[in-house]
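[1] Next one to model:
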Amino acid sequence: MNKRVDWFVTAILNDQSGQVLVWVAFAMVAILGFAGLSLDVGHAYFVRNQLQDSANMAALAGSEALPTSSTTTLPGKATPYSSIPGAKNAFSSLGTVSSTVTSSCLTTLTKLGLVCGGSASSNAVKVVQTVSIPTYFLRVIGIPTIEVSATATAALVKHVPYNVAVIVDTTLSMNNQDTNCSNTQLNCALNGVEVLLNSLSPSFDNVSLFTFPNVTASTVSYDYNCSGSGSGYGWGYGHGSNQATAGPYSVPTAGASSYASGSDPTYQIVGYRSDYRTSDSATSLNASSDLVQAVGQLASDGVTQSVAGCLAPPPNAGNYGTWLAGALYAAQASLVAENTVHKAQNIIILLSDGNSNASNAYTGYNAMFVSGVTASGSYPSYVGDCGQEIVAANAAKTAGTNVFTIAYGSPATGLWIQGNINGSHCPTDQDGFFSTYNLGTNVSSYPNVSPCQAMQDMASPDQPNSIQYFYSDYNQSGSNSQCYSPNSDSPVALRDIFSAIGSALNGARLIPNGTT
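    You can find the predicted model right below:
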């Protein structure tokens, strides 16, 4: 009996069947734990990728405001592309994302010629985004949330050299005040050109200045050396009593040199220069440069001028009205010539209201053109002025030149008011103009076009999410302009527009986080 009990007890103790259930129970807990950890970590990784993508876009957008932005304007440029609530890259599944935007002056970039400019004195922008996401399985072991963050740093990095022809309107109306920028229209425009020169790199980029109407070559130096004496004509510029002399519009042909001598007319005020700053890293313009003397230089406050610009509307400019086609052909011809000695991407930057209105048909006006113009509507012609400027710009674009246009208070409608030249909009392209002067059928290449549409048509096509070529300052005082850019994010102040163009030419790039 005892032997049987001993055997039974021994049998029970030695029986291992069913022990695997215990191990399975332990294994299942571990497997579920690892699965939960994988799910929570995987979700955090997915969120981090979303944050990184939007941080990259925000940093790139912010860098496009360099180097002239302040510490207050940089976040305004970057955060709309972040993942904070209401931004373009917000994700409802993320919860409340926080974003910080900071700028810095990185020595590594200054050695590459990227100046630290603006009141922020910066050449790079950094965006940091963070969010706390809830966990699903880790909360069981006391970890209810995981903090996820992403950082991106961007700067404007030069990638190709440029030959830049800047064309500035110097017709008599540019003496009018623009209260939106608290200066004359011309000084407002020239301040914008100064911003552009601070954005370019003299070791890469050559810049030339053109104006219209054209002036005689023998007097063009007055527009950049302020050599006159006396009080001048009261335009508020650095001029003395001597000023460049305007003449009838010349009609250069494609491929012809824009340089002239003696009494010959020229649209080119200053030839291609790379001395507008003494080096790529210089933080101010070179006051001894003819180009800088023509446009002037702002003081550190960004308002007053430390160097007064010499460029001024010629006193007799009102005799000739506005005609852009000749200036565009001259600028393109000069770019072609310059490219033979300085291989670079050709750029035209045109600032005007686009409202060409020169015509020999107007009663009581001087001859507005040199000989050779016709009433055909095709260049050179004294009808279809705005159509001709579009054709001229299209010829430059076909030749490979990128054309930026800045519509400065451009009227948004085409209009002919009989007997009121200044009140008309692209008058020589309107049906009423042809009927008034008994010129027959409207032969403009762009019949009834408006100045705003002409400025937009002259620009190269905007590249979505990349480069914008058409800009409009519709806030010019007194213009009542409704000429709006199709790009809802487009800047509308001249200085900001020129800054945006400089940024587009430099190109925003992501750089490694932690760069010093």
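
[2] what is the rounded mean pLDDT of stretch 436-445?
    Average pLDDT, stretch 436-445: 94.

[3] buried residues in that stretch?
    437, 439, 442, 443, 444, 445 (16 or more other CB atoms under 10 Å). No exception for glycine: its C-beta is placed from N, CA and C like everyone else's.

[4] got a markdown table for those residues, with secondary structure and distance to residue 200 too?
    Output for these, formatted as a markdown table (DSSP: H, G, I helix; E, B strand; the rest coil; distance: CB to CB, whole Å):
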| residue | secondary structure | distance to residue 200 |
| --- | --- | --- |
| 437 | coil | 45 |
| 439 | coil | 44 |
| 442 | coil | 41 |
| 443 | coil | 40 |
| 444 | coil | 36 |
| 445 | coil | 33 |
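
[5] List just the nearest of these to residue 478.
    residue 444 (27.2 Å; CB to CB).

[6] mind listing what that closest one touches?
    377, 383, 384, 386, 387, 428, 429 (CB atoms under 8 Å, 6 or more residues apart in numbering).

[7] Give me the nearest residue to the second one, chain neighbours excluded.
    When the adjacent residues along the chain are set aside, residue 383 lies closest to residue 428, with 4.8 Å between them (CB to CB, 6 or more residues apart in numbering).

[8] Can you get me a residue count around residue 490?
    As a burial measure, residue 490 scores 17 neighbours (other CB atoms under 10 Å).

[9] scratch that, residue 178 is what I was asking about
    There are 23 residues near residue 178, going by other CB under 10 Å.

[10] and what of residue 171?
    Count around residue 171 with other CB under 10 Å applied: 25.

[11] contacting residues for it?
    212, 213, 313, 317, 318, 321, 322.

[12] what's the domain layout of the chain?
    21-154, 162-485 (automatic domain parsing).

[13] Return the most buried member of those.
    Ranked by mean neighbour count under mean count of other CB atoms under 10 Å, the domains of the chain are led by domain 162-485, which reaches a mean of 20.

[14] Distance across that domain, terminal residue to terminal residue?
    Using CA to CA, to the nearest Å, one end of domain 162-485 lies 25 Å from the other.

[15] starting at the chain centroid, how far to that domain?
    18 Å (CA atoms, centre = their mean, to the nearest Å).

[16] Go ahead and name everything in contact with the helix or strand where residue 433 lies.
    Per DSSP states H and E, residue 433 falls inside helix 431-436. With contact meaning CB under 8 Å, 6+ apart, helix 431-436 is reached by 361, 383, 416, 418, 424, 427, 439-443, 447-448.

[17] Of the residues you listed, just say which sits nearest to residue 126.
    residue 448 (50.4 Å).

[18] quick one: contacts for the closest one?
    414, 426, 429, 430, 431, 442.

[19] need those residues in a markdown table with distance to residue 469, can you?
    Shown next, in a markdown table, are the contacts of residue 448 (distance: CB to CB, whole Å):
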| residue | distance to residue 469 |
| --- | --- |
| 414 | 22 |
| 426 | 20 |
| 429 | 22 |
| 430 | 26 |
| 431 | 30 |
| 442 | 28 |
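
[20] just the residues you listed now: which is nearest residue 403?
    Using CB to CB, the contacts of residue 448 come closest to residue 403 at residue 426, 18.5 Å.

[21] So that closest one sits against residue 452, correct?
    No. Between residue 426 and residue 452 there is no contact under CB atoms under 8 Å: 9.6 Å.

[22] What sits closest to residue 391 if chain neighbours are left out?
    In space, residue 391 is closest to residue 445, 5.4 Å off (CB to CB, 6+ apart).

[23] ok, the contacts of residue 444 vs residue 179, which is closest?
    Using CB to CB, the contacts of residue 444 come closest to residue 179 at residue 386, 27.2 Å.

[24] Point me to the helix or strand that includes that closest one.
    Assigned by DSSP H and E, residue 386 falls in helix 385-398.

[25] Which elements pack onto the next helix or strand along the chain from that helix?
    Once the chain leaves helix 385-398, the next helix or strand it forms, by DSSP H and E, is strand 402-408. Secondary-structure packing of strand 402-408 (3 or more CB pairs under 8 Å, 6 or more residues apart in numbering; DSSP states H and E): helix 185-199, strand 345-352, helix 385-398, helix 451-458, strand 470-473, helix 494-506.

[26] dump the residue contacts of residue 246.
    Applying CB under 8 Å, 6+ apart, the residues near residue 246 are 213, 214, 215, 314, 316, 317, 319, 320.

[27] sorry, back to before: where among the helices and strands packed on strand 402-408 is the average confidence lowest?
    helix 494-506 (a mean of 86).

[28] Mind listing what's buried along the next helix or strand after it?
    The helix or strand immediately downstream of helix 494-506 is strand 508-511, counting by DSSP H and E. For strand 508-511, the neighbour count (16+ other CB under 10 Å) marks 508, 510, 511 as buried.

[29] Show me which of the residues you listed is closest to residue 196.
    Closest to residue 196, out of all of the buried residues of strand 508-511 and judged by CB to CB, is residue 508, at 16.7 Å.

[30] ok, the closest one touching residue 125?
    No. Residue 508 lies out of contact with residue 125 (CB under 8 Å); the separation is 9.3 Å.

[31] what residues do the two have in common as contacts?
    63, 154, 155.

[32] Look at residue 152 and tell me its secondary structure.
    strand (DSSP: H, G, I helix; E, B strand; the rest coil).

[33] what separates it from residue 308, distance-wise?
    42 Å (CB to CB, to the nearest Å).

[34] Contacts for stretch 471-484, please.
    Here stretch 471-484 has contacts from 176-180, 185, 353, 404-412, 451-452, 455, 485, 490-494, 497, 500-501, using CB under 8 Å, 6+ apart.

[35] nearest spatial neighbour of residue 78, skipping sequence neighbours?
    residue 62 (3.2 Å).

[36] Give the next helix or strand downstream of the host helix or strand of that neighbour.
    Following DSSP H and E, one finds residue 62 within helix 19-63. Moving toward the C-terminus from helix 19-63, the next helix or strand (DSSP H and E) is helix 73-78.

[37] which strands and helices sit next to that next one?
    helix 19-63, strand 98-104, strand 124-134.

[38] What is the distance between it and the centre of its chain?
    15 Å.

[39] what's the closest of the contacts of residue 444 to residue 395?
    Looking across the contacts of residue 444 and measuring by CB to CB, the closest to residue 395 is residue 387, at 12.9 Å.

[40] quick one: average confidence on stretch 211-223?
    In the prediction, stretch 211-223 has an average pLDDT of 90.

[41] Now do that stretch: distance from first to last residue.
    End to end - CA to CA - stretch 211-223 spans 10 Å.

[42] before we move on, what about stretch 134-152?
    Where stretch 134-152 begins and where it ends lie 24 Å apart, using CA to CA.

[43] Measure how far that stretch is from the centre of its chain, please.
    With CA atoms, centre = their mean as the basis, the mean position of stretch 134-152 lies at 42 Å from the chain mean.
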